[in-house]
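Student: how would this look folded up:
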Amino acid sequence: MWSAIAIIAALLGLTIASAPAGAQQVLSPYRDQQFSKTRGRSDAEVGELRNGTGMGLARAAELNGYPGPRHVLDAVAAGQLLVTPEQNRRVVEIFDEMAGRARSLGGQIITEETALEMAFRAGTIAETDLRRRVSRIAVLRGELRAVHLGAHLETRALLSAAQIGRYNELRGYKADSEQPHNHQRH
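Tutor: Got it, this is the predicted structure:
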């Protein structure tokens, strides 16, 4: 038994001794993605694109007093935000339209990203093809962001200043008077 341990120790010693002094193995943060169906995309990112979730794309609106329809609906369902039945109906419509368009665009992005990755995997991509594919993906991602931001814009137009203030309070944001560039709605 001691001879087996000595052999293993010797082998480990040789491996360690053969590494250059001060060298460290630098692992890629993407190493786990090499085995996913859509290489280069995390499972979480693919899921968000498929499901049409926000992915932080509307932060510019959210942080500046433009409520998100999903969060408004959640606050209403929790009894924390009061809206009229008509406001609720319209926010549901805005959310459903946004989610449908976002899922469609997300699917297109996944398709385009997969095609790009497959071209690299096959070793067949050329500069012109690369630029065309990347430009298409950028346009789709821009459209996706506009869909999410547009839903915030539409939702804000439905709500009173008091409702927006309550929403911001529920979300943990400062009151409008404490935020820079205060733009009064009503």
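
Student: all strands of the protein, in order?
Tutor: Taking DSSP state E, the chain contains no strands at all.

Student: which stretches of it have low pLDDT?
Tutor: 1-23, 32-38, 175-186 (pLDDT under 70).

Student: quick check: buried residues in the longest helix along it?
Tutor: Counting residues, the longest helix in the chain under DSSP state H turns out to be helix 85-122. Residues of helix 85-122 classed as buried by neighbour count (16 or more other CB atoms under 10 Å): 87-88, 90-91, 94-95, 98-99, 101-103, 105-106, 108-110, 112-114, 116-117. Backbone N, C-alpha and C define where each C-beta goes, glycine included.

Student: likewise stretch 75-82?
Tutor: Applying 16+ other CB under 10 Å to stretch 75-82 flags 75-76, 81 as buried.

Student: show me what the longest helix of the chain is packed up against.
Tutor: On a contact count with 3 or more CB pairs under 8 Å, 6 or more residues apart in numbering; DSSP states H and E, helix 85-122 meets helix 43-51, helix 69-77, helix 127-158.

Student: so how far is it from its chain's centroid?
Tutor: Here helix 85-122 is found 11 Å from its chain centre; the criterion is CA atoms, centre = their mean, to the nearest Å.

Student: still on that earlier bit, looking at the buried residues of stretch 75-82, which one is closest to Leu140?
Tutor: The nearest member of the buried residues of stretch 75-82 to Leu140, counting by CB to CB, is Ala75 at 30.5 Å.

Student: pick out the residue closest to the middle of the chain.
Tutor: Against the mean C-alpha coordinate of the chain, by CA atoms, centre = their mean, the closest residue is Met55 at 2.6 Å.

Student: ok, the residue nearest to it when sequence neighbours are not counted to Gly107 distance?
Tutor: Among residues not flanking Met55 along the chain, Glu48 sits closest, at 4.8 Å (CB to CB, 6 or more residues apart in numbering). For Glu48, the distance to Gly107 equals 12 Å [CB to CB, to the nearest Å].
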